[in-house]
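Undergrad: please find the sequence and the predicted model below.
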Amino acid sequence: MYRILIVDDDEYFLQSLKNLLVYKKYEVETCANPIMALDYLKKSTYHLAFLDVKMPGIDGLELLENIRGFNKDISVIMVSGQSTISIAVEAIKKGAFDFIEKPVDPEKLQITLKNALERQILYEEKSRLMAEIKSRYKIIGCSKAIDNVINTIEQVAALNAKVLITGETGTGKELVARAIHLTSNRSSGPFIKLNCAAIPTHLLESELFGHKKGAFTGATYEQLGKFQAANGGTLFLDEIGDMDLTLQAKLLHVLQDNEFMMVGSNKYVKVDIRIIAATNQNLFQLIKEGKFREDLYHRLNVFNIKIPPLRERPEDIEPLARHFLREFADTYNKKIIDFTPQALDELKRYSWPGNVRELRNVIEKTVVFARGSLIGLEELQQQMSSPQPVKDVLFSGSLKEELENCERKIIMKVLDQTNGKINEAAKILGINRTSLYKKKKRLGI
Ligand SMILES: Nc1ncnc2c1ncn2[C@@H]1O[C@H](COP(=O)(O)OP(=O)(O)OP(=O)(O)O)[C@@H](O)[C@H]1O
């Protein structure tokens, strides 16, 4: 049953509106004191509130502002004896759902109530779905950015539309792609990932489309490609910015016509797949440089999900760190319950160039070596690749040069520690192998 709170200093109005609503089978409470109304709203759950605009102490608009400070969910309908358009507009701007005038016209009240409660049902359904997506796919974070990402996952999942996910390395692009797949009506089909940067260009075509026996030297048997493997499901093209121009043209053709030819074949094969692509590169820049086809970009970018780097959403660090702490304490059977306040501060202060992947790796290593039930600052710093705060660095060249020097030194040190083992070094640095290869090349290591 829907619960409604009516706040008005006019006892006669309170009682008559209450009678009307109780008659319509709503559960109603009344409050003649606006300050006390705040307590009511903090202690109990209501689906809807009627607030009188003119009340002694704090008026309805101020009360509305206060309520929005701690409760974004409740639908609020403002009620006024001498309404003006400007008050109504202001109320809507402050988050009211609608505005009704005294004396209340029962028919108008009925329509407003119906609309408000319908919005409430939708709102609750949306919050439930968002919470479910967060917990089912373990997408952790309380920032507005993460809420926006989840919102978009929920919107695009049911559509068959292509999605382009952008964001720096380690921000969670693959996690989001999997969440879209699992929330969609293709969830029982396969989710196939192809990392376009990890496969040499000459092999990528056959990886994507498959090849016939004898199609090229070494093709001793027929092999199906990722397109066929993903039939009925989702194909996740990671690092799409690294795909070579000739292959981009072929991919464009498949996206237009949903058909392709295996290497060495002259017959078209039809497939039913959804494409999700991701990149940590700036595709606009690549288009400008003639390295990425603009038409392909538009085909892939029907919906765009941009995941900001962790340093731009520091409020996510604490919930993520605690989540990974629980995960690894379980995995390694350790009785660790939390971080010390100093360790938490350090986590929040660091800029996380490798984003969530780096944070996850640091927490894993720290848990492995931890002794007590709390992770302290020192234990944590031992596992962080660059615990120095940025403000301690003395600049001598341009910022870009300094950053590159710093990056070069760290990568060389870690490579030295791991005897040149790329996989291990990438893990310590919190980036993937491909990114490490690219960085080595760019920095001349
Ligand atoms: N919001 C999040 N909540 C929980 N785990 C996360 C979140 N974001 C990222 N992760 C974890 O961080 C790690 C890296 O994420 P993922 O591989 O999805 O990043 P990516 O952006 O695809 O990286 P790359 O560009 O290097 O391929 C994974 O272990 C992933 O589960």
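TA: Nice, I can see it. Residues are numbered from 1 along each chain as shown.

Undergrad: and for residue 316, nearest residue in space, chain neighbours not counted?
TA: Setting aside the residues directly before and after it, residue 316 is nearest to residue 141 in space (Cβ to Cβ, 6 or more residues apart in numbering), at 3.9 Å. Bear in mind the C-beta positions are built from the backbone N, C-alpha and C, glycine included.

Undergrad: what is the neighbour count of the one you found?
TA: Neighbours of residue 141 under the rule other Cβ atoms under 10 Å: 22.

Undergrad: now residue 18
TA: Residue 18 is flanked by 17 other residues according to other Cβ under 10 Å.

Undergrad: ok, it touching residue 32?
TA: No - with contact defined as Cβ atoms under 8 Å, residue 18 does not reach residue 32; the gap is 11.6 Å.

Undergrad: and the chain, what are its domains?
TA: 3-125, 144-306, 312-391, 393-445 (automatic domain parsing).

Undergrad: so who does the residue of the stretch 151-300 of the chain found nearest the ligand touch?
TA: Closest residue of the stretch 151-300 of the chain to the ligand, Cβ to the nearest ligand atom: residue 172 (2.7 Å). By Cβ atoms under 8 Å, 6 or more residues apart in numbering, residue 172 lies in contact with 139, 307, 355, 356.

Undergrad: check residue 226 too.
TA: 192, 194, 207, 208, 235 are the contacts of residue 226 under Cβ under 8 Å, 6+ apart.

Undergrad: the last one is in what secondary structure piece?
TA: It stands for residue 235. According to DSSP states H and E, residue 235 maps onto strand 234-238.

Undergrad: who in this structure is up against the ligand?
TA: Residues of the chain that fall close to the ligand, judged by Cβ under 6 Å from any ligand atom: 138-141, 167, 169-175, 238, 280, 320, 356-357, 360, 432, 435.

Undergrad: mind redoing it with 5 Å?
TA: Residues of the chain lying close to the ligand by Cβ under 5 Å from any ligand atom are 139-141, 169-175, 280, 356-357, 432.

Undergrad: chain neighbours aside, what residue packs nearest to residue 52?
TA: Per Cβ to Cβ, 6+ apart, closest to residue 52 is residue 8, 3.9 Å.

Undergrad: residue 31 now?
TA: Nearest non-adjacent residue to residue 31, counting by Cβ to Cβ, 6+ apart: residue 37, 4.5 Å away.

Undergrad: so for the strand or helix carrying the one you found, what's the average pLDDT?
TA: Using DSSP H and E, residue 37 sits within helix 34-43. The average pLDDT within helix 34-43 is 92.

Undergrad: make 52 the first number, not 1, from now on.
TA: Sure, I'll start numbering at 52, so the last one becomes helix 85-94.

Undergrad: what's that helix in contact with?
TA: The contact list for helix 85-94 (Cβ under 8 Å, 6+ apart) reads 56, 58, 60, 80, 82, 97, 100, 102, 106-111, 114, 117-118, 121-122, 125.

Undergrad: which helices and strands does the helix-or-strand element of the chain with minimal mean pLDDT pack with?
TA: Lowest by mean pLDDT, DSSP states H and E among the helices and strands of the chain is helix 450-468, with a mean of 79. On a contact count with 3 or more Cβ pairs under 8 Å, 6 or more residues apart in numbering; DSSP states H and E, helix 450-468 meets helix 473-480, helix 484-494.
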